[in-house]
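Chemist: Sequence and predicted model, in that order:
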Amino acid sequence: PGAADAALTVGAVDGTDALAYFSSQGPRAGDKALKPDLTAPGVGILAARSQYSEGEGLYRLSDGTSMATPHVTGAAALLAAEHPDFTGQQLKEALMSTSKPLADVTPFQGGSGRLDVAAATAATVLATARADFGYPDWPTAPEGPVEREVRYTNLAGSDVTLDLATTVAGATDLFALSARQLTVPAHGVASVTVTTQFDRVPADQPFSGFLTATDSTG
């Protein structure tokens, strides 16, 4: 189920935000799409013990993405309480666009980063969850520029100006932004376009990276 486009797919990190060895990594089989979507703590988690599990006591320490996923479920519930009008897609975008990027962990390994509940519930600007360019069959890649739109939604009552930057390991010069600064109007939406050219991208080598937006006021 986690391979579905609409699913919010969760990987696991430990207490130091290092990716857990057991956490499944992308790209997705077949079309090389971006998965997982984000990560959450999943190593050494204190959880209620099932009556069918080995051992004694009411609780046990467990590892697994099954331990990380409840963190995200709880965060989604808190966010839904804060924004009862949000759709499932908006909840997904809010959690992903406010997550904490992890050092040396690519989007194919850990999605947009580690869940940050405080940031998600306090955020006033939310972004499109991802801009996936796909993975065309070679040598039939599209010729010329290929564009993807990234949308920013401002929930606040005043305009917000964002400084934008891309970080793509090994291929920074292959991706261009239509703007490096973007003003999102109060209670409005603004978009930026990310462009690449497949005839410049090495064959059979999937790239992933981050588009970071920072409030220019600090």
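Modeler: Received, thanks.
Chemist: Which residue is the nearest non-sequential neighbour of E143?
Modeler: Counting by CB to CB, 6 or more residues apart in numbering, E143 lies nearest to D199, which is 6.1 Å off, once chain neighbours are set aside. For glycine as for every other residue, the C-beta is placed from the backbone atoms N, C-alpha and C.
Chemist: In a helix, the one you found, correct?
Modeler: Yes. Assigned with DSSP: H, G, I helix; E, B strand; the rest coil, D199 falls within a helix.
Chemist: Just give the number of residues close to it.
Modeler: The number of residues packed near D199 is 12, by other CB atoms under 10 Å.
Chemist: Show the low-confidence segments of the chain, by residue range.
Modeler: 137-140, 170-172, 201-204, 218 (pLDDT under 70).
Chemist: Could you find the closest non-adjacent residue to R148?
Modeler: A131 (3.9 Å).
Chemist: Over to P185?
Modeler: Distances taken as CB to CB, 6+ apart put D159 closest to P185, at 5.4 Å, once the chain neighbours are dropped.
Chemist: Now do the same contact list for the one you found.
Modeler: Residues near D159 by CB atoms under 8 Å, 6 or more residues apart in numbering: T183, V184, P185, A186.
Chemist: Let me know the distance separating the residue nearest to E143 from A33.
Modeler: 21 Å (CB to CB, to the nearest Å).
Chemist: next one: stretch 121-129 to chain centre, how far?
Modeler: Distance, stretch centre to chain centre, for stretch 121-129: 12 Å (CA atoms, centre = their mean, to the nearest Å).
Chemist: first to last residue in it, what's the distance?
Modeler: Start and end residues of stretch 121-129 are separated by 16 Å (CA to CA, to the nearest Å).
Chemist: What residues of it count as buried?
Modeler: A123, V125, L126, A127, T128, A129 (16 or more other CB atoms under 10 Å).
Chemist: likewise stretch 12-19?
Modeler: Buried residues in stretch 12-19 (16+ other CB under 10 Å): A12, V13, D14, D17, L19.
Chemist: Kindly report the same for stretch 69-76.
Modeler: Within stretch 69-76, the residues that count as buried by 16+ other CB under 10 Å are T69, H71, V72, A75, A76.
Chemist: where does the second one land in three-state SS?
Modeler: In the three-state summary, H71 is assigned as helix, counting by three-state DSSP.
Chemist: Looks like it contacts R114 (just checking).
Modeler: No. If you go by CB atoms under 8 Å, H71 and R114 don't touch, sitting 9.7 Å apart.
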